[in-house]
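# Provided below for reference: sequence and predicted model.
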Amino acid sequence: MNWIKKTLNFGEKIKKLLKVRPTKEDIENSDWTSCCKGPILKKDLEENLWVCNSCGKHHRISCRQRFDIFFGKNNYEVLNTPIPLDDPLEWKDSKTYKERLKEARKKTGQKTAVLIAKGKINKIEVTVGAIDFSFIGGSVGAAEGEAIIFGIQHSIDNKTPFIFFPCGGGQRMFESPIALSQMTRTTLAVNELKKNNLPYIICFTDPTAGGITASFAMLGDLSIAEPGALIAFAGKRVIQATVKEDLPENFQTSEYVQKCGFVDLIVERKDLNEKIGTLLSILLKENSDISSKLDETSEDFSSFTKTAS
């Protein structure tokens, strides 16, 4: 009878072990992640620029990983951006907003979801911004708005193109109207960039939605997207419930949005550096020709007015 009891006890222990599921933190800190064919080593994924060899899925990456791929490691400088007062509304739900910020900063090693860097692409000096989805879902608050505006001002001051990699669900609810005001502020900043005749290139990454899509992310001179990225304002289920119709399977993906005319090019992560470098060479030459023609026109006009007087 003792062996029966031991067997039953052993079975209970196995059941308990099976019931214990790894936490989200355990999964994130492990050497594995998942994709189309199940578990995959992060090391293998990293060697392929965080793109799955089997299905081609472009996995989410941090801002520094993005800059490492785009510029090459140690070939860029991350700029210090202004950080406004934390938690101006003293928000609290299940935990305080200050606690959420503390956790996000510890997790990502960033003070804000947006990082701005400067470097060279195809021997052209550029200012580049990116959003880290791991930082409170890539949501935009006052600090993120300040960082984007800082990046644009840096472009204007140094006469460099501005390239941005948006990724996030929209404006940060913990900052309510302050977060919403960043839509207007960033849009006005982009207008200043265009007044200075500087190229502005957007590269959509997965996912880009909400207030990000409804403001600065849709104002690029050129809109590029990584394959399979979600690009939307409202969610698919919300739209489906509103229109009462079935939507296409690839609805709101890069490929679908390109067919609708909102994206100019879909470029794989490994080709972004070369493609954007080529496009910048063309855009800067065009801008130079336009500027010279404007100068010639103004000279002709001034000589005409002198003659007339």
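Ah, there it is.

# Just give me the neighbour total for Arg60.
Here the neighbour count serves as a burial measure; for Arg60 (other CB atoms under 10 Å) it reads 16. Backbone N, C-alpha and C define where each C-beta goes, glycine included.

# what's the spacing between it and Trp50?
Plainly put, Arg60 is 8 Å away from Trp50 if you go by CB to CB, to the nearest Å.

# pLDDT score for the residue nearest the centre of the chain?
Most central in the chain under CA atoms, centre = their mean is Pro166, positioned 2.5 Å from the mean C-alpha point. In the predicted model, Pro166 carries a pLDDT score of 98.

# try the one 10 residues further on
Model confidence at Ser176, given as pLDDT, is 93.

# how about stretch 144-157: buried residues?
By neighbour count, with 16 or more other CB atoms under 10 Å as the criterion, the buried positions of stretch 144-157 are Glu144, Gly145, Glu146, Ala147, Ile148, Ile149, Phe150, Gly151, Ile152, His154, Ser155, Ile156.

# now swap in stretch 85-95 and tell me
Taking 16+ other CB under 10 Å as the criterion, stretch 85-95 shows Asp87, Trp91 as buried.

# Start and end of it, how far apart?
For stretch 85-95, the first-to-last residue distance is 18 Å (CA to CA, to the nearest Å).

# Stretch 78-96 now?
One end of stretch 78-96 to the other measures 29 Å (CA to CA).

# What lies in contact with stretch 209-219?
Contacting residues not belonging to stretch 209-219 are listed as 131, 138, 140, 148, 164, 166, 168-171, 179-180, 182-184, 186-187, 189-190, 200, 202, 204, 208, 230-233, 235, 262 [CB atoms under 8 Å, 6 or more residues apart in numbering].

# repeat that for 6 Å
Judged by CB atoms under 6 Å, 6 or more residues apart in numbering, the contacts made with stretch 209-219 from elsewhere in the structure are 166, 168-171, 183, 186-187, 190, 202, 208, 232-233.
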